[in-house]
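S.K.: output the structure for:
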Amino acid sequence: MGFDVAAIRAMYPALRDGYAYLDGAAGTQVPTAVIDAVAAACRAGIGNAGGPFPASRRAEAVVAEARSAVADLVGGEPGGVVLGPNATTLVYRLAPVLADTWRPGDRIVLSRLDHDANVRPWAQAAARAGVEVRWAEADPSTGELPAEQYDALLDERTRLVAVTAASNILGTRPDVAAITAKAHAAGALTFVDGVHATPHGPVDVRETGADFFITSAYKWSGPHVGALIAAPELLDTLRPDKLLPAPDGVPERFETGTPPYADFAGLAAAVDHLASLAAPDPSLSRRRRLLASMAAVERYEHELFGTLLHGLEELPYVTLYGKPARRTATAFFRVAGRTPREVAEHLADQRVNVWHGHNYAWELTGALGLRESGGAVRAGLVHYNDRSDVDRLLSAVAELGAGDG
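M.R.: Predicted coordinates for the structure are as follows:
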């Protein structure tokens, strides 16, 4: 199966502005198909759901297709897909619902590898419930999250284990299946943050062992929509606060207010776009096309990332953080004698987009000793990046070292 990055790049209007978009870990650009889907939904006319007229039925169809698309992307069930504005909001929506079942003396296990969206909502809910928080530590030298440490962290009073499927700054892909298996053996529920992992390879929520899995469409070429995935039967045991007239079924009871229907149309289009990236047999199911395409994405990004990493490692004034065995195409680095902000500004002047700072990896940048001094620079690859993007980054970073010579 082919992976034609030039053809893929041509699908993204934003890439024509001459910048190297290496900021995909913070949010991706969208292809024409997604833009057209959002516009078409608006042009067709959309009403709120539940009405007897065509615009209302179109809205209901858009929601149903969005749930089906997310389920195909991650291997879940459409009836277990909760849609919302973003991952952080959805975690904050779920945290107090689960915390209602916690009692003093219970405990939860969080990870310092995680984005704060999979830390703070749980820690705050635990504090209100009088529940202990235990921490799984990342190895600061490698960026790994050893699964073995969970043996000492878990017991029969553990109610939840929250862990990331990929670090949003180091790219670390911990052994989530091993961690969730240990959690389930102790009787705990598991919440897996898949926001950074989903854009970079095939996902199967069942294989992760996640009771709850979160993802964000804007990280994989879609609109700003988040999705929480769980078994419908599990969601049915939970009772979030809601308006009395609002739907009480699953998954609707977790969704507050009128949704952005046009964005949901764009979400489904983004999943279809991902399914087409490696040009697999169109007669295959969307799920099988997604698995093939995302496997091709993973291979392509891994090869290109090798060039990026090697180039940075060759620069004596660059310090790279983390060297995990399994990772996404994400680099976190500093340049000697320059603040991360100065590096990002220099790269922006060279029309290269990167992020700097803690990138909401609050606990991890603290453990690395970087948070209080400005964090570091993050450059991340996604499926539409190419060798020219990498070369421009390396050239721009090299200029910083040459300026000190």
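S.K.: give the contact list for residue 381.
M.R.: Contacts for residue 381 (Cβ atoms under 8 Å, 6 or more residues apart in numbering) come out as 22, 24, 301, 304-305, 308, 329-330, 389-390. Heads up, the C-betas are built off the backbone N, CA and C, glycines and all.
S.K.: which members of those residues are the farthest-apart pair?
M.R.: The two members of the contacts of residue 381 with the most space between them (Cβ to Cβ) are 330 and 389, at 14.0 Å.
S.K.: between those two, point out the one with more neighbours.
M.R.: residue 330 (27 against 22; other Cβ atoms under 10 Å).
S.K.: what residues are up against the more buried one?
M.R.: With Cβ under 8 Å, 6+ apart, residue 330 has these contacts: 25, 166-171, 196, 378-381.
S.K.: mind putting those into CSV with pLDDT and distance to residue 262?
M.R.: Below are those laid out as CSV (pLDDT from 0 to 100; distance: Cβ to Cβ, whole Å):
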residue, pLDDT, distance to residue 262
25, 98, 26
166, 99, 29
167, 98, 33
168, 98, 28
169, 98, 32
170, 98, 35
171, 98, 33
196, 98, 26
378, 99, 31
379, 98, 32
380, 98, 28
381, 98, 29
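S.K.: which one of the residues you listed is nearest to residue 187?
M.R.: Looking across the contacts of residue 330 and measuring by Cβ to Cβ, the closest to residue 187 is residue 166, at 26.3 Å.
S.K.: pLDDT below threshold where in the stretch 1-150 of the chain?
M.R.: Confidence mapping of the stretch 1-150 of the chain against pLDDT under 70 gives the ranges 1-2.
S.K.: what mean pLDDT does stretch 387-395 get?
M.R.: Averaging pLDDT along stretch 387-395 yields 98.
S.K.: other residues contacting it?
M.R.: Here stretch 387-395 has contacts from 20-22, 304, 307-308, 311-312, 315, 347, 350-352, 354, 379, 381, using Cβ under 8 Å, 6+ apart.
S.K.: and residue 340, what pLDDT?
M.R.: Residue 340 is assigned a predicted lDDT (pLDDT) of 98.
S.K.: I misspoke; the intended subject was residue 280.
M.R.: 83.
S.K.: I figured it hits residue 295, correct?
M.R.: No. Using Cβ atoms under 8 Å, residue 280 is not in contact with residue 295, being 9.8 Å away.
S.K.: those two - which one has more neighbours?
M.R.: For residue 280 versus residue 295, neighbours defined as other Cβ under 10 Å are more numerous around residue 280 (19 against 15).
S.K.: what separation is there between the more buried one and residue 300?
M.R.: Distance, residue 280 to residue 300, using Cβ to Cβ, to the nearest Å: 14 Å.
S.K.: what's the answer for residue 385, then?
M.R.: Applying Cβ to Cβ to residue 385 and residue 300 gives a distance of 9 Å.
S.K.: need the overlap of contacts for these two.
M.R.: What both residue 385 and residue 300 touch, as defined by Cβ under 8 Å, 6+ apart, is the set residue 5.
S.K.: now the helix or strand encompassing residue 401: buried residues?
M.R.: For residue 401, the element it lies in under DSSP states H and E is helix 387-402. When neighbours are counted by 16 or more other Cβ atoms under 10 Å, the buried residues of helix 387-402 are found to be 389-390, 392-394, 396-398, 400-401.
S.K.: where do the strands sit along this protein?
M.R.: For the chain, applying DSSP state E gives strands covering 20-21, 81-84, 107-111, 132-136, 158-164, 189-193, 212-216, 226-230, 318-320, 330-335, 352-353, 355-357, 376-380.
S.K.: just give me the closest of the contacts of residue 381 to residue 115.
M.R.: After measuring these against residue 115 - Cβ to Cβ - the closest member comes out as residue 330, at 12.2 Å.
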